[in-house]
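Participant: just the structure for this:
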Amino acid sequence: MNLDIALPLSPLGTARQRLAPALAYPPGLLSDLRDADLGEEEAFLAWQMGQLARGIGEAERRDLVALVARSLISGSQGSTRMRLTAGEHALLRKVPALVGAPGERKPLIVDGEFLYQQRVLACETRLAAAISARVAQPGPDPQAVKSVVADVAAGSTPPLSDEQQAAVAAALSRRLAVVSGGPGTGKTTIALALGRGLVRLGVPASELALAAPTGKAANRLQESFRAGLAALPAPSAEDRALQSACPAAQTLHRLLGYSPTTGRFLHHQNHRLAARAVIVDEGSMIDLALMDRLLRALRDDAVLVLLGDADQLPSVDAGAVFRDLHSLAVRLERNFRTDRAQAAGRRISECAAAVRAGDASRLLASLTPRTTTAGLASHGVELVPGTEREAVLERWYQAWIAALPEWNQLIKHEYVLGPEGFSPEDDARLTRLQAQLARSRVLCVTRERPTGANPVNAFLHGLCAGADRELVLGEPVLVLHNDYQRGLWNGDQGLILSVKQSGHPARPMAVFRLSTVAASPWLAVAPEALGDSLSLAYALTVHKAQGAEYDQVLLLLPEQPLPLFTRELLYTALTRARRAVVICGSAEVLTAGTAASLSRSSGLAERLAAP
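Facilitator: Below is the predicted model of the structure:
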């Protein structure tokens with residue numbers, strides 16, 4: 001719905017608005033909500049709350065509508081609560097029919113100096129109680145855990161470091177374990193060690209579940225888990241049992257039995273999951289409501305392990321649950337991905353540490369400034385001016401999209417899809433193309449604006465396709481919404497290629513690699529069948545790239561500081577890279593982003609700390 005109109009909309013109709021202007025939305029309400037990516041549904045809710053208030057004047061009613069709208073905006077930005085001023089406290093006391101105290105069932109709840117929406121407070125309170133109850137449960141015998149950790153460590157490939165062994169021991173000792181570490185600290189290695197340890201402690205392999213918030217993260221967890229099991233040099237009886245009954249990683253929604261048709265979950269407190277242990281990767285991406293559903297669906301005696309990075313971007317929806325569990329977390333510090341013995345890896349680690357500490361001076365001292373694109377060495381972390389944006393994008397396209405010697409041959413090849421999938425030869429070609437695209441990405445802070453993912457994708461499409469408006473062969477694409485029927489997930493990436501199916505001429509199709517054990521695990525879909533769910537993927541937002549890793553990252557900074565550009569987002573972008581990061585933008589914007597911390601107000605940590 002377009003909100004950019006001269007006359008603000010009114011929930012009672014335009015004619016009545018002209019006759020009774022006081023019934024219209026307060027000035028600025030729609031624009032404030034629009035700036036927060038909210039719309040008229042939220043505007044109507046705020047207005048309706050104002051209309052339900054009795055015993056207050058029109059000026060106070062407008063203030064109440066604005067206050068409710070601010071609460072909705074705060075929630076959309078990830079907070080579970082909003083701090084109140086003395087004047088706002090006084091206003092809310094005048095509408096007791098709408099505003100209550102904790103435990104009451106009223107739309108708004110005042111809890112101390114904070115305003116909650118009732119359902120959010122109930123969710124936060126319930127989750128805190130569930131976590132506290134699980135933490136209070138006794139774990140396995142300490143000597144048994146010590147013996148299991150030693151056995152698992154002795155047969156691990158690669159070997160577990162002392163830090164990783166300590167994390168595994170701590171996690172196996174609890175009913176709820178939290179392991180936090182930056183990219184490359186070996187969290188997936190620990191996930192495998194925990195799975196092997198849990199089986200040794202009596203959890204049947206068939207009752208172990210692997211999950212992640214997104215399909216991409218679940219696929220990666222499953223691949224690393226299976227590869228780790230296959231690489232064991234001398235698997236024990238427990239390891240062989242896990243190999244034969246290796247769990248398939250799922251999204252949390254699929255694990256909990258979410259139905260897109262009904263909008264309901266199969267598993268909940270009255271129909272628990274059968275799993276006796278659940279290992280979840282990318283825990284920082286789990287919002288308050290989903291974590292609450294997961295805890296309610298677990299058996300009382302089940303083990304829950306959450307792996308993630310507390311310094312990365314939090315969940316898109318409200319809550320910062322993984323961050324709020326810091327008091328329970330085991331922290332991993334050693335980075336195995338960027339080899340600190342090499343200058344490039346060491347420089348990325350130093351820059352990421354500076355950003356994490358909010359130290360812009362240290363960050364600028366750790367990176368290498370370049371005045372032009374011609375001076376880029378693609379080594380460590382380099383900063384090139386924003387005026388070089390088009391030049392650096394052209395350089396990136398030539399280096400990473402067209403760099404494979406036989407690229408043109410591979411993208412122009414006609415891939416034949418038979419009843420059993422693609423041939424082994426075509427499978428090998430597709431794997432090479434996917435591997436090349438997975439080596440580097442352009443990352444953006446926003447979707448729009450000149451430096452956003454959509455304009456950048458359009459620019460790179462022009463380099464590839466010229467004036468052609470349609471997708472052309474060789475272009476990378478991204479799935480924007482879960483497609484349960486086809487098994488495609490938000491964030492899945494593929495390529496446009498020429499595919500010939502039985503009885504049909506070859507035509508451009510989007511080809512994706514699926515998480516499956518089939519001989520040719522590829523899916524080919526006509527782009528038009530995916531409609532608005534398909535987007536170009538030369539460039540991704542940092543949010544979309546969360547959980548991925550590349551050899552090199554090109555990060556485009558916004559032209560001016562934005563609330564969205566924070567140290568958490570910058571840290572997430574930097575730590576996607578193994579070897580090199582090129583940052584395109586100004587040192588001033590980079591400094592402002594490093595200084596700005598993502599602010600989410602949540603009461604979960606306080607509730608967990610309460611006696």
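Participant: next helix or strand past the host helix or strand of residue 62?
Facilitator: Using DSSP states H and E, residue 62 sits within helix 58-76. As assigned by DSSP H and E, the chain's next helix or strand after helix 58-76 is strand 82-83.
Participant: helices or strands up against that next one?
Facilitator: Secondary-structure packing of strand 82-83 (3 or more CB pairs under 8 Å, 6 or more residues apart in numbering; DSSP states H and E): helix 58-76, strand 114-117. Every C-beta, even on glycine, is put in place using the N, C-alpha and C of the backbone.
Participant: could you point out which element follows it?
Facilitator: helix 86-93.
Participant: which residues touch that following helix?
Facilitator: Identification of contacts with helix 86-93 by CB atoms under 8 Å, 6 or more residues apart in numbering yields 56, 60, 63-64, 67, 84, 99, 108, 110, 113, 115.
Participant: surely residue 417 is within a helix?
Facilitator: No: going by DSSP: H, G, I helix; E, B strand; the rest coil, the assignment for residue 417 is strand, not a helix.
Participant: picking that back up, any chance of the helices and strands packed on strand 82-83 in CSV, plus mean neighbour count?
Facilitator: Shown next, in CSV, are the helices and strands packed on strand 82-83 (neighbours: other CB atoms under 10 Å):
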stretch, mean neighbour count
helix 58-76, 19
strand 114-117, 21
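Participant: ok, which of the ones you listed comes nearest residue 123?
Facilitator: strand 114-117 (9.5 Å; CB to CB).
Participant: related to what we said a few turns ago, show me what the helix holding residue 62 is packed against.
Facilitator: helix 29-35, helix 40-52, strand 82-83, helix 86-93, strand 114-117.
Participant: so residue 433 makes contact with residue 409?
Facilitator: No: counting by CB atoms under 8 Å, residue 433 sits too far from residue 409 to count as a contact (10.7 Å).
Participant: neighbour count for those two, which is higher?
Facilitator: Shown here are residue 433 and residue 409; by other CB atoms under 10 Å, residue 433 has more neighbours (21 against 10).
Participant: residues contacting that one?
Facilitator: Each residue near residue 433 by CB under 8 Å, 6+ apart is listed here: 404, 410-411, 495, 497.
Participant: model confidence score at it, please.
Facilitator: pLDDT, residue 433: 89.
Participant: with residue 24 instead?
Facilitator: Residue 24 is assigned a predicted lDDT (pLDDT) of 64.
Participant: and residue 21, by the same measure?
Facilitator: 43.
Participant: now the residue nearest to the spatial centre of the chain, nearest residue through space, not along the chain?
Facilitator: Geometric centre of the chain, nearest residue: residue 285, 4.6 Å, by CA atoms, centre = their mean. Counting by CB to CB, 6 or more residues apart in numbering, residue 285 lies nearest to residue 213, which is 4.2 Å off, once chain neighbours are set aside.
Participant: cool, and residue 269?
Facilitator: residue 296 (4.4 Å).
Participant: could you export the helices and strands packed on strand 82-83 as TSV, including distance to residue 590 and mean pLDDT?
Facilitator: Formatted as TSV, the helices and strands packed on strand 82-83 follow (distance: least, CB to CB, whole Å; pLDDT from 0 to 100):
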stretch	distance to residue 590	mean pLDDT
helix 58-76	27	89
strand 114-117	34	94
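Participant: dump these to JSON lines, plus distance to residue 267.
Facilitator: Output for those, formatted as JSON lines (distance: least, CB to CB, whole Å):
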{"stretch": "helix 58-76", "distance to residue 267": "26"}
{"stretch": "strand 114-117", "distance to residue 267": "25"}
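Participant: residue 427: which of the ones you listed is closest?
Facilitator: helix 58-76 (43.4 Å).
Participant: so where's the stretch 251-400 of the chain uncertain?
Facilitator: By pLDDT under 70, the low-scoring segments of the stretch 251-400 of the chain are 335-341, 343-344.
Participant: how about the strands in it?
Facilitator: Taking DSSP state E, counting those that start in this stretch to define them, one finds strands in the stretch 251-400 of the chain at 277-280, 303-308, 329-332, 368-369, 380-384.
Participant: now distance to residue 186 and mean neighbour count too, for the ones you listed, in CSV please.
Facilitator: Shown next, in CSV, are the strands of the stretch 251-400 of the chain (distance: least, CB to CB, whole Å; neighbours: other CB atoms under 10 Å):
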stretch, distance to residue 186, mean neighbour count
strand 277-280, 14, 26
strand 303-308, 10, 25
strand 329-332, 7, 19
strand 368-369, 28, 14
strand 380-384, 23, 22
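Participant: could I get these as TSV with distance to residue 231?
Facilitator: Converted to TSV, these look like this (distance: least, CB to CB, whole Å):
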stretch	distance to residue 231
strand 277-280	18
strand 303-308	20
strand 329-332	21
strand 368-369	37
strand 380-384	31
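Participant: hang on, the earlier thing: need the max-distance pair from the contacts of helix 86-93.
Facilitator: 56 and 113 (21.7 Å).
Participant: between the strands of the stretch 251-400 of the chain, which gets nearest to residue 196?
Facilitator: So among the strands of the stretch 251-400 of the chain, strand 277-280 is nearest, using CB to CB, at 11.2 Å.
Participant: chain center to the closest one: distance?
Facilitator: Put simply, strand 277-280 sits 18 Å off its chain's centre (CA atoms, centre = their mean, to the nearest Å).
Participant: pretty sure residue 413 sits against residue 429.
Facilitator: Yes: here residue 413 lies in contact with residue 429, judged by CB under 8 Å, at a distance of 6.2 Å.
Participant: wait, what's in contact with residue 347?
Facilitator: 366-368, 380-381.
Participant: how about a cut-off of 10 Å?
Facilitator: Applying CB atoms under 10 Å, 6 or more residues apart in numbering to residue 347 gives the contacts 338, 340, 366-368, 379-382, 579-581.
Participant: pLDDT wise, what is residue 217 at?
Facilitator: Confidence score, pLDDT, at residue 217: 82.
Participant: again, but for residue 207
Facilitator: 92.
Participant: could you check how far it is from residue 265?
Facilitator: For residue 207, the distance to residue 265 (CB to CB, to the nearest Å) stands at 20 Å.
Participant: which secondary structure state does residue 26 sit in?
Facilitator: Secondary structure assignment for residue 26 (three-state DSSP): coil.
Participant: OK, contacts around the closest residue to it other than its chain neighbours?
Facilitator: Closest residue in space to residue 26, ignoring its immediate chain neighbours: residue 62 at 4.6 Å, by CB to CB, 6+ apart. Residue 62 is in contact with 22, 25-27, 29, 47, 50, 56, counting by CB under 10 Å, 6+ apart.
Participant: out of the residues you listed, who's nearest residue 543?
Facilitator: Looking across the contacts of residue 62 and measuring by CB to CB, the closest to residue 543 is residue 29, at 27.1 Å.
Participant: and that closest one, what does it touch?
Facilitator: With CB under 10 Å, 6+ apart, residue 29 has these contacts: 8-9, 40, 42-43, 46-47, 62, 65-66, 68-69.
Participant: at 6 Å what do you get?
Facilitator: Counting by CB atoms under 6 Å, 6 or more residues apart in numbering, residue 29 touches 43, 69.
Participant: distance of it from residue 453?
Facilitator: Distance from residue 29 to residue 453, by CB to CB: 29 Å.
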